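Student: With the input below, show me the fold.
(one chain, ligands or ions: 1)
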Amino acid sequence: MAKVLVVCATRTGETLKIGELIAEGIRLSGHEANVMKVNAIKKETDLQGYDGLVFGSATYHGGMIQGMKTMLFLAEKAGLEGKAGGAFGAFGWSGEAPDRIFDTMKNIFKMNMVGGPLRLKASYLGGGVQMAQDYGREIAEKL
Ligand SMILES: Cc1cc2nc3c(=O)[nH]c(=O)nc-3n(C[C@H](O)[C@H](O)[C@H](O)COP(=O)(O)O)c2cc1C
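Tutor: Just a heads-up that it's a prediction; the model follows:
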């Protein structure tokens, strides 16, 4: 059984809900998934010991939440090369954050990324629950 960490940067909780659903999808595939808020990640060792990592941030003012930016600099030193990865986030209209996170995980950390980032307006809209769980399953296939 592989172990995945899902880290969420959220202001009003929507990105955390999506992260919990992604974790459910990973668990339904038979693996372990821990969900943490970004502020709980204090040092690069907090990101180590996992087979896969999924990072999420809501989009505010065209970008990711500051806490996620700070965490990505920690992640740079965590030795994540080759690990399974995905990125996600809640958004209102433009949704840049998941794309920026995904590109950083792929190009800088050299992780084994799923097909693309998951952007949802809300977990409860337009099949969001299913899409988030499926995203978890997609990550599980990379483990
Ligand atoms: C002040 C403010 C700025 C926002 N800026 C953006 C934006 O630039 N692009 C976008 O897609 N959504 C934007 N949103 C919408 C949020 O991304 C959306 O409400 C999202 O569900 C919040 O997720 P959270 O609950 O995880 O914080 C903004 C919302 C607020 C309140």
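
Student: pLDDT weak spots in the protein?
Tutor: Along the chain, no part satisfies pLDDT under 70.

Student: What ranges does it have for its strands?
Tutor: Ranges of strands within the chain are 3-9, 32-37, 52-57, 59-60, 63-64, 84-90, 112-113, 118-120, based on DSSP state E.

Student: Distance check, G56 against G49.
Tutor: From G56 over to G49 the distance is 20 Å, taken as Cβ to Cβ, to the nearest Å. Heads up, the C-betas are built off the backbone N, CA and C, glycines and all.

Student: er, F102 I mean
Tutor: For F102 relative to G49 (Cβ to Cβ), the value is 22 Å.

Student: Please identify which of the two sits among more neighbours.
Tutor: For F102 versus G49, neighbours defined as other Cβ atoms under 10 Å are more numerous around F102 (24 against 9).

Student: What residues does this structure have near the ligand?
Tutor: 10-15, 58-62, 90-95 (Cβ under 6 Å from any ligand atom).

Student: Now, of the residues you listed, which are buried?
Tutor: Buried members of those, counted by 16 or more other Cβ atoms under 10 Å: 10, 14-15, 58-59, 90-91, 95.

Student: now the strands of the chain as a markdown table including distance to R137?
Tutor: Shown next, in a markdown table, are the strands of the chain (distance: least, Cβ to Cβ, whole Å):
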| stretch | distance to R137 |
| --- | --- |
| strand 3-9 | 12 |
| strand 32-37 | 11 |
| strand 52-57 | 12 |
| strand 59-60 | 24 |
| strand 63-64 | 25 |
| strand 84-90 | 11 |
| strand 112-113 | 15 |
| strand 118-120 | 12 |
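
Student: Spatially central residue in the protein, please.
Tutor: Centroid check for the chain by Cα atoms, centre = their mean gives F55 as the closest residue, at 2.4 Å.

Student: close enough to count as contact, that residue and T15?
Tutor: No - between F55 and T15 there is no contact under Cβ atoms under 8 Å: 10.3 Å.
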